[in-house]
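>>> sequence below, structure please.
(one chain, ligands or ions: 1)
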Amino acid sequence: MALEILKLLNILVLHGPNLNLLGQREPGVYGSATLNDINKLLEREAQALQVQVSIQQSNHEGVLVDAIHSMLGQHQGLLINAGAYTHTSVAIRDAIAAVNIPAVEVHLSNIYRREAFRHHSFIAAVAIGQISGFGSESYRLGLQALVSYLIKN
Ligand code: DQA
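Numbering: from 1, shown residues only. Coordinates of the predicted model:
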């Protein structure tokens, strides 16, 4: 029975701006893994957890907002790295609050060890939790935490 419930879970993974350039973008900060590597890691982890993932990347705030709206009736959880929009976007924050679907915020870098402007996240207050600083592993840990939350709640 528990297994059947798990298979029904469909998680939306959203990657925000500039994350399409991972691998070549500031590798000293973000590591050498490409977005494709991270997506494969997520697909493997989803298979291990027996959930489904849909993955999208956009450099455009409105596209990310639309993707969050389209979760209604389709997805039960959101794993999001909003990139720089983390620190600027009231619209993405409001979209997550509006759909009221559990979200986990992830970052490759530890945003609290970086420039002061990265220390504030508009997403954090509407997320169930945040994982920051473990490189690609942040995504795997985030997916595990989200699925564990969804099973229990
Ligand atoms: C990031 C951190 C943000 O401050 C930055 O703008 C990014 C990536 C991260 O994953 O570490 O684009 O979200």
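>>> for the rest of this, base every contact and every neighbour count on C-alpha atoms.
OK.
>>> residue ranges of the strands in the chain, please?
Along the chain, the segments classed as strands by DSSP state E run 10-15, 52-57, 77-81, 103-107, 129-132.
>>> of all the ones you listed, which lies closest to the ligand?
For the strands of the chain, distance to the ligand was read as Cα to the nearest ligand atom. The smallest value, 3.4 Å, belongs to strand 103-107.
>>> so which bits of the closest one are buried?
For strand 103-107, the neighbour count (16 or more other Cα atoms under 10 Å) marks 103, 104, 105, 106, 107 as buried.
>>> what's the answer for stretch 18-29, then?
19, 20, 22, 23.
>>> I'd like the residues you listed as CSV, with pLDDT and distance to residue 41 appended.
Output for those, formatted as CSV (pLDDT from 0 to 100; distance: Cα to Cα, whole Å):
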residue, pLDDT, distance to residue 41
19, 98, 15
20, 98, 15
22, 98, 14
23, 96, 15
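>>> name the nearest of the residues you listed relative to the ligand.
Using Cα to the nearest ligand atom, the buried residues of stretch 18-29 come closest to the ligand at residue 19, 6.3 Å.
>>> what residues are up against that closest one?
35, 57, 83 (Cα atoms under 8 Å, 6 or more residues apart in numbering).
>>> which residues in the protein form helices?
2-8, 27-30, 35-49, 61-69, 90-99, 137-152 (DSSP state H).
>>> looking at those helices, which is nearest to residue 77?
helix 137-152 (7.0 Å; Cα to Cα).
>>> got the residues of this structure near the ligand?
18, 81, 82, 83, 84, 107, 108, 109, 111, 118 (Cα under 6 Å from any ligand atom).
>>> now with 5 Å?
Residues of the chain found near the ligand (Cα under 5 Å from any ligand atom) are 83, 84, 107, 108, 109.
>>> distance-wise, check the fourth one relative to residue 88.
Spatial separation of residue 108 from residue 88 under the definition Cα to Cα, to the nearest Å is 18 Å.
>>> what is the burial count for residue 126?
21 (other Cα atoms under 10 Å).
>>> what sits against it?
93, 96, 97, 103.
>>> coming back round to it: can you tell me which of the strands of the chain is nearest to residue 45?
Closest approach to residue 45 among the strands of the chain (Cα to Cα): strand 52-57, 9.6 Å.
>>> residues of the closest one that come out buried?
Burial within strand 52-57, assessed by neighbour count using 16+ other Cα under 10 Å, is assigned to 52, 53, 57.
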